[in-house]
Each structure stands twice: as structure tokens, then as C-alpha cells.
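*Asks:* structural data only, the sequence is not supplied:
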């Protein structure tokens with residue numbers, strides 16, 4: 001579903017991704033873990049098409065398309081969703097207005113008819129219910145005055161409404177308390193544990209993986225994937241830390 005081959009990217013003159021190779025199959029939830037500064041957020045931003053990141057080598061194929069050849073809105077229309085580590089505020093724009101415009105824009109790009117106001121509100125209420133979010137919250141300005149947990153839950157409602165084929169979630173557990181983390185994790189499962197979908201889940205902590213239960217776990221260090229395994233790899237990281245696994249990978253190489 002997503003194939004990354006020898007991806008190299010930089011910001012200014014600083015190389016961050018240094019030959020990253022990774023595959024995520026259809027139906028797979030693949031967790032990425034790694035120390036601070038390893039390149040995890042850079043990877044998500046490059047996949048989403050955020051300006052300021054220069055790809056200097058390598059390729060990314062998404063559902064048979066050259067992802068790097070698409071503009072950000074074209075990537076979204078093709079079925080890619082990017083969840084931000086720090087969701088931004090959009091003063092003056094309500095969540096309902098923002099989400100309806102976003103959804104209908106994507107439907108138009110796919111040759112589908114726009115949803116009416118009533119149809120959209122029914123869909124929004126259903127998806128908000130999965131994240132235990134009151135519809136009154138969605139009438140407020142996008143993320144303005146929201147707590148960290150509310151921002152992440154609102155973003156997961158957005159993912160549910162847009163119904164992407166593939167989600168790149170950058171530290172979705174950041175800033176969540178225990179209850180909010182469980183709700184968000186269960187929301188990811190309900191929305192993305194579906195046939196034909198896939199997830200690249202970037203996280204530091206086992207606690208989110210206890211809820212989402214990834215199929216594979218990869219360790220990213222110094223701009224490269226240094227080890228990939230099953231869920232047990234995350235448990236090893238919890239016990240041993242990153243240094244032991246990175247050093248082990250260097251010896252094996």
C-alpha cells in the first residue's frame with residue numbers, strides 16, 4: 001500500500017532522512033518508534049507534502065502512484081490523511097464548516113456528489129460519537145480553546161469523517177491522559193481497522209500500542225529504519241531503551 005525506498009530528505013542544509021526504506025501492506029497498522037531527533041516527524045511531513053522539506057533521493061509509492069509527484073491536496077484526495085503532533089488552531093472557522101468543505105472537496109476530486117448539510121451532520125454526529133465528543137464541540141472554532149486531548153480527539157473525528165485509505169499519525173498520543181488515550185486508540189481501531197486501509201503510527205510509548213495493537217513495529221534512528229519486528233519489539237524498547245537495539249542493529253549490519 002505504501003512503499004518507501006531509500007528516501008533521503010533535508011531541511012535547509014541539514015540531512016534528516018538518510019536512506020529510509022519501509023513497506024506498509026494493505027490492512028496493516030505499522031508503528032514507528034525512535035528517539036527524539038531520529039526523523040519521525042520529518043517522515044510524516046514529507047509524506048504529507050509539507051513545504052520546507054526537500055527530498056533529495058528515493059521514492060514513495062502510494063496505492064500505485066508516485067506520492068512525491070502529487071500536491072498535498074492531491075495526496076488527500078488519493079486517500080492519505082496526516083494527523084499532526086500539534087494540531088493547529090484556525091480562528092474564525094468552525095469545525096463543522098471546515099470538515100464539510102474538506103470532505104466535499106475530496107468527494108469532488110473523486111467524481112462523487114457533495115453531501116448535503118443534513119447528510120453531513122448525520123455523518124459528523126456518528127463519527128463524533130466514536131470519540132465521545134459532543135457535537136457542540138464541533139460547532140466551535142477549529143481547535144481554538146481546546147485542550148490537548150480535545151484537539152487530538154477532534155482530529156480523529158476529522159479522520160473518521162474524511163475516511164482515508166491510509167493514515168499517517170504523528171504522535172497522536174502526545175498530551176493525552178489515560179482516559180483520552182484509550183478513547184483515541186479505540187477510535188483509531190474503529191475507523192482504520194477496516195479492509196483496504198492502513199496506518200503508519202508514530203509514537204514514543206507502549207501505552208498507545210496496548211490499545212491499537214500494531215501488526216509490525218519499526219525502529220527509526222538517525223534517519224533510517226534500523227530494525228523491524230512484531231509487537232514484541234515495542235516491549236523490548238520499553239524494557240531496554242533505544243540504545244541497546246540501535247547498537248545491536250549496527251553490529252548485525
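*Replies:* Happy to help now that I have it. In this text the structure is predicted, and so the values were computed from the model without any measurement.

*Asks:* now the helices for the stretch 51-200 of the chain?
*Replies:* 72-77, 95-109, 117-130, 135-138, 148-162, 178-192 (DSSP state H, counting those that start in this stretch).

*Asks:* dump those helices to a markdown table, plus distance to residue 220, mean pLDDT and mean neighbour count.
*Replies:* Yep, even glycine has a C-beta here, placed from its N, CA and C like the rest. Formatted as a markdown table, those follow (distance: least, Cβ to Cβ, whole Å; pLDDT from 0 to 100; neighbours: other Cβ atoms under 10 Å):
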| stretch | distance to residue 220 | mean pLDDT | mean neighbour count |
| --- | --- | --- | --- |
| helix 72-77 | 21 | 92 | 16 |
| helix 95-109 | 29 | 91 | 17 |
| helix 117-130 | 29 | 91 | 15 |
| helix 135-138 | 34 | 86 | 15 |
| helix 148-162 | 22 | 89 | 22 |
| helix 178-192 | 20 | 90 | 19 |
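
*Asks:* now those helices in JSON lines, with distance to residue 34?
*Replies:* Shown next, in JSON lines, are those (distance: least, Cβ to Cβ, whole Å):
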{"stretch": "helix 72-77", "distance to residue 34": "23"}
{"stretch": "helix 95-109", "distance to residue 34": "30"}
{"stretch": "helix 117-130", "distance to residue 34": "29"}
{"stretch": "helix 135-138", "distance to residue 34": "33"}
{"stretch": "helix 148-162", "distance to residue 34": "20"}
{"stretch": "helix 178-192", "distance to residue 34": "20"}
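
*Asks:* low-confidence bits of the stretch 1-150 of the chain, can you list those?
*Replies:* Along the stretch 1-150 of the chain, segments meeting pLDDT under 70 are nowhere present.

*Asks:* which residues in it form strands?
*Replies:* According to DSSP state E, counting those that start in this stretch, the stretch 1-150 of the chain carries its strands in the segments 2-11, 14-24, 29-33, 54-62, 65-66, 80-83, 90-94, 141-142.

*Asks:* so which of the ones you listed is nearest residue 44?
*Replies:* For the strands of the stretch 1-150 of the chain, the distance to residue 44 is smallest for strand 80-83, at 6.2 Å, taking Cβ to Cβ.

*Asks:* can you tell me how far residue 4 sits from residue 58?
*Replies:* 7 Å (Cβ to Cβ, to the nearest Å).
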